[in-house]
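Visitor: Turn this into a structure:
(one chain, ligands or ions: 1)
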Amino acid sequence: MLYHLALWLKGYWFPFNVFQYISFRAWLAFLVAFLIVWAVMPRFINLLKRLYAAYGGVVREYLEHHSDKALTPTLGGTVIVGTLVILSFLFLRLDTPYPYLASFVLISFALIGFVDDWLKITKKDGLRAKVKFLLQLMFGTATAILMVKFLPIDTKIYFPFFKDLHPDLGIFYILWATLFIVGISNAVNITDGLDGLAIGASLTTATVLAFTAYLTGNYIYAKYLGIPYVPYAGELSILLAAFIGAGLAFLWFNTFPAKIFMGDVGSLAIGALLAFVALTTKSEFILLVAGGLFILEILSVIVQVSYFKYTKRRYGEGRRILLMAPLHHHFEKKGWSEPQIVVRLWILSILFGILSLTLLKLR
Ligand code: 57M
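Guide: Residues are numbered from 1 along each chain as shown. Have a look, this model is predicted:
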């Protein structure tokens, strides 16, 4: 909205011209998002504490040293998502499809998480896993269809290293986009099990995607790098800048010892948003590398559970590869302290981010 307002106001005072620049709007969106979340979160935490007092504790904590976390409020993601939706309409160009579609993705996935979190608080049990998964598939498919219909993108997928390899998936692109959104959303959700872990890794991943979106939306840079050009995709870098601001402010409260968790309302929505930006900017493989930590975490669960089930069938007792899945619990079992695990996995996440940026030029 501010873009259009400034366009009109610059006739009266030329400095309003700066709102035309993606970099200026991104910087301002970052700052405003940080300030909103930083100011609102303490009040939100107090509100949640009253809610928790009314309903009693919430989380079934089955790791010994997580027992003191049972009363830490969840739902922190509500403030992040709310801020992002408002700011996307404030800072993004409203004559592009991006603010509308990004808000749809954020709200729909946040809604699934919110219902789940709310039921956990009020009824002590969340949504059934199957129902949750079906809802994710439903909203994922809706997003994929809307993307193909309203975004200036094709149904091809692009690989790093192979400049000329971009198979057209046609109608199957909907399936690919749906599974990608649902997969990344769940991967972020699984990662969200230690103070600051998921938001930290989301921030490094979002930084990479913000650069990618900026470059993809710029015809000259896109041609130079040999990446697909997607008109106005730079608008998404403004949204990610807002996310980085909001996420940093959230981390202020979520760092060890956390005063609040993001809840499924946060983790599902953040994962879906990252996947949506990667799909839009045709950089799914960049996200798979930049968000390598999320991929490792979800793979650790898949491998552990499969092996456990297989050995149970074969030998009558379930055996494990890791001491416990997801990956971060393995290190807890090994005796690393929580801040140690989190900071070390952040370091890994930064390394993944740097590696992914090099992929931008390698085609
Ligand atoms: C949700 N939720 C956190 C918080 C957060 C298939 C299986 C591997 C699934 C997995 C699972 O249920 N994962 C999804 C993970 C929970 O956090 C809440 O959930 C939101 C995110 N969805 O925002 O609201 C707990 O995580 C801790 N936490 C923090 N700081 C944070 O900033 O400390 C979260 C955020 C919180 C808090 O303790 O309550 C969670 O971990 O439950 N299941 C598992 O992860 C279980 N793994 C397991 O059973 N592994 C087995 C294999 C064979 C399946 C094995 O390896 O033997 C573990 N879950 C827990 N403890 N809680 C087991 C140990």
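
Visitor: my read: Phe331 touches Pro339, true?
Guide: No: counting by CB atoms under 8 Å, Phe331 does not reach Pro339; the two are 11.6 Å apart. In this view, the C-beta of every residue, glycine as well, is placed from N, C-alpha and C.

Visitor: between the two, who's got more neighbours?
Guide: A count of neighbours by other CB atoms under 10 Å puts Phe331 above the other of Phe331 and Pro339, at 20 against 14.

Visitor: who are the neighbours in contact with the more buried one?
Guide: Going by CB atoms under 8 Å, 6 or more residues apart in numbering, Phe331 touches 340-341, 344.

Visitor: same thing with Ser108?
Guide: 139, 142-143, 272.

Visitor: Would you write a ChimeraX line that selects the buried entries of these?
Guide: Per 16 or more other CB atoms under 10 Å, the buried members of the contacts of Ser108 correspond to this ChimeraX selection:
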select :139,143,272
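
Visitor: Quick one: the helices in the stretch 1-150 of the chain, in order.
Guide: 2-9, 22-55, 77-91, 98-122, 129-150 (DSSP state H, counting those that start in this stretch).

Visitor: weakest of these in terms of mean pLDDT?
Guide: Ranked by mean pLDDT, the helices of the stretch 1-150 of the chain bottom out at helix 2-9, with a mean of 84.

Visitor: Outside of it itself, which residues are in contact with it?
Guide: So helix 2-9 is in contact with 16-20, 25, 90-95, going by CB under 8 Å, 6+ apart.

Visitor: same thing with stretch 133-142?
Guide: 104-105, 108-109, 112, 127, 174, 177-179, 181-182, 185-186, 268, 272.

Visitor: And these, which of them are buried?
Guide: Applying 16+ other CB under 10 Å to the contacts of stretch 133-142, the neighbour count classes 104-105, 108-109, 112, 127, 174, 177-178, 181-182, 185-186, 268, 272 as buried.

Visitor: What's the separation between Ile174 and the ligand?
Guide: Ile174 sits 26 Å away from the ligand, going by CB to the nearest ligand atom, to the nearest Å.

Visitor: what about the helix or strand containing that residue, average pLDDT?
Guide: Under the criterion of DSSP states H and E, Ile174 resides in helix 172-191. Mean pLDDT, helix 172-191: 98.

Visitor: Please apply the same query to stretch 351-363.
Guide: 86.

Visitor: Export that stretch to PDB, keeping only CA atoms.
Guide: Extracted C-alpha coordinates of stretch 351-363, given in PDB (Å, rounded to 0.1, in the frame of the first residue of the first chain):
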ATOM      1  CA  LEU A 351      27.300 -23.200   6.300                       C
ATOM      2  CA  PHE A 352      24.400 -24.700   4.400                       C
ATOM      3  CA  GLY A 353      23.300 -21.200   3.500                       C
ATOM      4  CA  ILE A 354      26.700 -20.200   2.200                       C
ATOM      5  CA  LEU A 355      26.900 -23.400   0.200                       C
ATOM      6  CA  SER A 356      23.500 -22.800  -1.300                       C
ATOM      7  CA  LEU A 357      24.500 -19.300  -2.500                       C
ATOM      8  CA  THR A 358      27.300 -20.700  -4.500                       C
ATOM      9  CA  LEU A 359      24.800 -22.900  -6.300                       C
ATOM     10  CA  LEU A 360      23.200 -19.700  -7.700                       C
ATOM     11  CA  LYS A 361      26.200 -19.200 -10.100                       C
ATOM     12  CA  LEU A 362      26.900 -22.800 -10.800                       C
ATOM     13  CA  ARG A 363      24.800 -23.500 -13.800                       C
END
